[in-house]
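*Asks:* only the shape, not the letters, is given here:
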């Protein structure tokens, strides 16, 4: 086995929890139909119109999954980083999963791509692979539903943005020194909702979280959100 | 085995595709912790605040799953009928699935309820049960995401409602005699989107589909939708 092949085999063994439930033949098949891919920053990885890319095991970089309306509005559902697996770029392998998702590379991204056809075959013959695929899908959807719910009801995200911009206006700086619990109390919301929304704001790069407070990085974006734009 | 127990065992065997992948002990455990339940029309089956009901195997009736905003708006995600399985009433058994869902009985409903604790144990010890639970969850989420996407972007549902109410105003009756393809062309949309949205309208009881056309049953609701309410 060449060094490259070994590295890539180790990577698959580490990246997929079902590795040890595969037969040696299945392990070989998975390796043989995996190829390294590179996406430049800004590249389109997946869209409802394109054919099925396959499963991506990210080595470095960042992918962003989002929905796009006909008039061009987009809603970020989740982001993926090195070590994570992008399953919905191969949603074609799951007959009953059907979602018009876009995935772009937000940074230069290196990944291993497992052919959709081979993954489908493995799913059919090995229940552990099938279970993994559906579990990953259920988890991504769970996160996505939460995000959409917040946006749909225009409540939590907007209210947090209003709260943060109001606080900055009061204090003059770029930091709000308060625990999530305190913020939730001021906003009449639940701590859980505030924490999760802050995490989302941080992932989007709008704020930075530190112990005992929040630093606002993109005041303009929060002001837009607060105005309901 | 009593007649009742046999009937209920047969029902589980028929309702769950993983039945034959259970050991005899697991089958017995599933039966022992399953009890018949009844929900009167209008009863709350599940909410984010209540404890985990368990898995429901519907025998008759209808359940509606929906999201609720703080100001009381609700969005129907899907409906379940006799023979179908309600998995998200036991979302507590899936650690990574976390969604603030409400489920109500829309009609008097008879079901078998499998205890969440026992189902969790079966999921842990049998990969087929785990696979089933995540697959069902992924499918429900896939449908729900589609619905939310339509509502979020206020495009397809509103546009179809506008189209149908405009057509009725032109013709004076309660029917639009046109194929889905023709409607899509008039609306500048895709046939697939129109068909799926019509199916959704029909499930909600707002229209009835027949070969070659659509009969509007709830004109008031469509007018509300068309006005963006």
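*Replies:* Great, that's in hand. Keep in mind it's a predicted model, so treat the numbers as computed, not measured.

*Asks:* can you show me the helices along chain A?
*Replies:* A:3-15, A:24-32, A:116-125, A:127-152, A:156-171, A:180-187, A:191-203, A:219-226 (DSSP state H).

*Asks:* adding distance to chain B, write the ones you listed out as JSON lines.
*Replies:* In short, each C-beta sits where N, CA and C put it, glycine included. What follows is the helices of chain A, written out as JSON lines (distance: least, Cβ to the nearest Cβ, whole Å):
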{"stretch": "helix A:3-15", "distance to chain B": "18"}
{"stretch": "helix A:24-32", "distance to chain B": "15"}
{"stretch": "helix A:116-125", "distance to chain B": "10"}
{"stretch": "helix A:127-152", "distance to chain B": "3"}
{"stretch": "helix A:156-171", "distance to chain B": "9"}
{"stretch": "helix A:180-187", "distance to chain B": "12"}
{"stretch": "helix A:191-203", "distance to chain B": "9"}
{"stretch": "helix A:219-226", "distance to chain B": "16"}
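
*Asks:* who wins for proximity to residue B:199 among those helices?
*Replies:* Checking the helices of chain A against residue B:199 by Cβ to Cβ gives helix A:127-152 as the closest, at 20.6 Å.

*Asks:* for residue A:211, give me the backbone phi and psi.
*Replies:* Per-residue torsions, residue A:211: phi -60, psi 120 (degrees, to the nearest 10).

*Asks:* ok so, going back, with distance to residue B:46 added, can I get the helices of chain A in JSON lines?
*Replies:* Shown next, in JSON lines, are the helices of chain A (distance: least, Cβ to Cβ, whole Å):
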{"stretch": "helix A:3-15", "distance to residue B:46": "35"}
{"stretch": "helix A:24-32", "distance to residue B:46": "39"}
{"stretch": "helix A:116-125", "distance to residue B:46": "30"}
{"stretch": "helix A:127-152", "distance to residue B:46": "15"}
{"stretch": "helix A:156-171", "distance to residue B:46": "21"}
{"stretch": "helix A:180-187", "distance to residue B:46": "25"}
{"stretch": "helix A:191-203", "distance to residue B:46": "19"}
{"stretch": "helix A:219-226", "distance to residue B:46": "31"}
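
*Asks:* just name the most buried of the ones you listed.
*Replies:* helix A:127-152 (a mean of 22; mean count of other Cβ atoms under 10 Å in any protein chain shown).

*Asks:* by mean pLDDT, show me the worst of the helices of chain A.
*Replies:* Mean pLDDT values for the helices of chain A show the minimum at helix A:180-187, a mean of 78.

*Asks:* neighbouring contacts of that one?
*Replies:* The contact list for helix A:180-187 (Cβ atoms under 8 Å, 6 or more residues apart in numbering or on different chains) reads A:159-160, A:163, A:176, A:178, A:189-191, A:193-195, A:198.

*Asks:* hang on, residue A:62 packs against residue A:103?
*Replies:* No. Checked against Cβ atoms under 8 Å, the pair residue A:62 and residue A:103 is beyond contact range at 10.9 Å.

*Asks:* neighbour count: the two, which is higher?
*Replies:* residue A:103 (24 against 18; other Cβ atoms under 10 Å in any protein chain shown).

*Asks:* can you name the residues bridging to that one?
*Replies:* residue A:46, residue A:65 (DSSP bridges).

*Asks:* how near is it to residue B:38?
*Replies:* Separation of residue A:103 from residue B:38 (Cβ to Cβ, to the nearest Å) stands at 45 Å.

*Asks:* again, but for residue A:205
*Replies:* 51 Å.

*Asks:* likewise residue A:175?
*Replies:* 55 Å.

*Asks:* ok, those two, which is more surrounded?
*Replies:* residue A:175 (16 against 12).

*Asks:* so residue A:138 versus residue B:131, what's the distance?
*Replies:* Taken as Cβ to Cβ, the span from residue A:138 to residue B:131 is 11 Å.

*Asks:* what's the answer for residue A:32, then?
*Replies:* The value you get for residue A:32 to residue B:131, if Cβ to Cβ is used, is 25 Å.

*Asks:* looking at strand pairing, list the partners for the spatially closest residue to residue A:83 that is not a sequence neighbour.
*Replies:* In this structure, residue A:83 finds its nearest non-sequential neighbour in residue A:58, 6.6 Å apart by Cβ to Cβ, 6 or more residues apart in numbering or on different chains. Following DSSP bridges, residue A:58 is listed with bridge partners residue A:111.

*Asks:* since that was my last question, I'll sign off now.
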